[in-house]
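Engineer: for reference, the sequence and a predicted model appear below.
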Amino acid sequence: MKIHSNYPLQKLNTFGLNVLTTNYCKVTSVEDIKELLAKPEISGQNKLILGGGSNMLFSKDYQGLIIHNCIEGIRIDSQGEDQVLVSAGGGVNWHSFVLFCVDHGFGGIENLSLIPGCVGAAPIQNIGAYGVEIKDTFFELTAVNLTDGSIQKFNAAQCHFGYRDSVFKREGKNKFIITEVTFRLSKNPVINVSYGAIKSQLESMNITAPTIKDVSDAVIAIRQSKLPDPKVIGNAGSFFKNPEIPTEQFNELQKSFPDVVGYKTHDQLTKVAAGWLIENSGWKGKRIGNTGMHDKQALVLVNYGNATGNELIEHAKRVQSSVKDKFDIDLEMEVNII
């Protein structure tokens, strides 16, 4: 384990931004973390945990220590007749973990196939797609407190999961490094194809009785067809959250825009598709300099090559302002601005 100075981050963030960090250290075990935290030279430094670098946008060089979570390993903890507990290290690639579970017949996270990032970041963001969120199968996580090096466990209630939100984005932000996450998965899974896109994709694949492998393959095909590969075009996937607005406001909006996409989250609130709002504000595929919203998925902010973090942020603000002016709806950034 070595602490590097003035370390380049371009290959470690999916926007491909050419920024540096004052100090960088890769950790592969809890022991590494404890050894690092004991070093006097890092005392008082700002600390940022890096996983896959897929949910952050660097506006400038980072002044402090970046701890790169590279803790690997997948373990089947226990199995019952219907359920199984499976744990993965915080640095395990998320999609690789999904494929492991699918290959073993463990259901519950197949709808989350091909989401970028690492296992340790998944509960922070409460990642979700196609009607499924992490909280649905989450059992517990283990984390190291960056203040005193103590090991703490968090159950679902202690994580305070919300829509793309958790305690680790609020009062616990940058205070813990998640070393392991455990999921409760099903050996007799109930297939979730409630989203029309999955149904349509399965139909195109001539599948009428889908398995979790079929659902995973369908989700992969959908995502690959409309989401840019960060290795080719810098991006962080969905850049904005789908806003929730009063259902009364949505009903009024629907009178002027009958094709607006939304669904009720409960009696008084409706979640509106941010991609629809952005596309219908004229931003889908529109490029300004080296930034733009992707031409196949308006929700994805992209770096066409040499954009700076601030240029990307300014473009996002232009989109927010435009949507606000046209629909009177506030878009919230999903990506973490550093």
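Structural biologist: Noted; the coordinates are in hand.
Engineer: thought Leu185 was touching Leu112?
Structural biologist: No: using C-beta atoms under 8 Å, Leu185 makes no contact with Leu112, being 11.8 Å away. (Glycine included, C-beta is placed from N, CA and C.)
Engineer: which parts of the stretch 201-338 of the chain are strands?
Structural biologist: Listed in chain order, the strands of the stretch 201-338 of the chain (DSSP state E, counting those that start in this stretch) span residues 234-238, 244-246, 262-266, 269-272, 287-288, 291-293, 300-303, 336-337.
Engineer: burial of Lys60, as a residue count?
Structural biologist: Neighbourhood size, Lys60 [other C-beta atoms under 10 Å]: 12.
Engineer: secondary structure element for it?
Structural biologist: Under DSSP states H and E, no helix or strand contains Lys60.
Engineer: if you rank every helix and strand of the chain by mean pLDDT, what lands last?
Structural biologist: Across the helices and strands of the chain, mean pLDDT, DSSP states H and E gives its lowest value to strand 262-266, namely a mean of 85.
Engineer: from the middle of its chain, how far away would that one be?
Structural biologist: Mean-position distance between strand 262-266 and its chain equals 21 Å (C-alpha atoms, centre = their mean, to the nearest Å).
Engineer: how about the CA coordinates for that strand, as PDB?
Structural biologist: C-alpha atoms of strand 262-266 as PDB (Å, rounded to 0.1, in the frame of the first residue of the first chain):
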ATOM      1  CA  GLY A 262     -45.000   9.800 -15.300                       C
ATOM      2  CA  TYR A 263     -46.300   7.400 -12.700                       C
ATOM      3  CA  LYS A 264     -47.800   7.800  -9.200                       C
ATOM      4  CA  THR A 265     -45.500   7.100  -6.300                       C
ATOM      5  CA  HIS A 266     -48.400   7.500  -3.900                       C
END
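Engineer: given that strand, what are its sheet partners and their directions?
Structural biologist: strand 269-272 (antiparallel) (DSSP bridges).
Engineer: top helix in this protein by residue count?
Structural biologist: Assignment by DSSP state H gives helix 309-327 as the longest helix of the chain.
Engineer: separation between the nearest residue to Ala221 once chain neighbours are set aside and Met56?
Structural biologist: Excluding the flanking residues, the one nearest Ala221 by C-beta to C-beta, 6 or more residues apart in numbering is Gln201, at 5.7 Å. According to C-beta to C-beta, to the nearest Å, Gln201 and Met56 sit 30 Å apart.
Engineer: same check, this time on Leu36
Structural biologist: For Leu36, the distance to Met56 (C-beta to C-beta) stands at 20 Å.
Engineer: next one: Lys326
Structural biologist: From Lys326 to Met56 the distance is 29 Å (C-beta to C-beta).
Engineer: so which bits of the strand ranked longest in the chain are buried?
Structural biologist: Among the elements of the chain assigned as strand by DSSP state E, the one spanning the most residues is strand 176-186. Residues Phe176, Ile177, Ile178, Thr179, Glu180, Val181, Thr182, Phe183, Arg184, Leu185 are the ones in strand 176-186 that count as buried (16 or more other C-beta atoms under 10 Å).
Engineer: now those in a markdown table, with pLDDT and distance to Thr291?
Structural biologist: As requested, the buried residues of strand 176-186 are arranged in a markdown table below (pLDDT from 0 to 100; distance: C-beta to C-beta, whole Å):
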| residue | pLDDT | distance to Thr291 |
| --- | --- | --- |
| Phe176 | 96 | 33 |
| Ile177 | 97 | 31 |
| Ile178 | 98 | 31 |
| Thr179 | 98 | 35 |
| Glu180 | 98 | 37 |
| Val181 | 98 | 33 |
| Thr182 | 98 | 39 |
| Phe183 | 98 | 36 |
| Arg184 | 98 | 41 |
| Leu185 | 97 | 39 |
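Engineer: as JSON lines, these with distance to Asn46 would be great.
Structural biologist: Listed next are these as JSON lines, based on distance: C-beta to C-beta, whole Å:
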{"residue": "Phe176", "distance to Asn46": "15"}
{"residue": "Ile177", "distance to Asn46": "14"}
{"residue": "Ile178", "distance to Asn46": "19"}
{"residue": "Thr179", "distance to Asn46": "21"}
{"residue": "Glu180", "distance to Asn46": "25"}
{"residue": "Val181", "distance to Asn46": "25"}
{"residue": "Thr182", "distance to Asn46": "30"}
{"residue": "Phe183", "distance to Asn46": "31"}
{"residue": "Arg184", "distance to Asn46": "35"}
{"residue": "Leu185", "distance to Asn46": "37"}
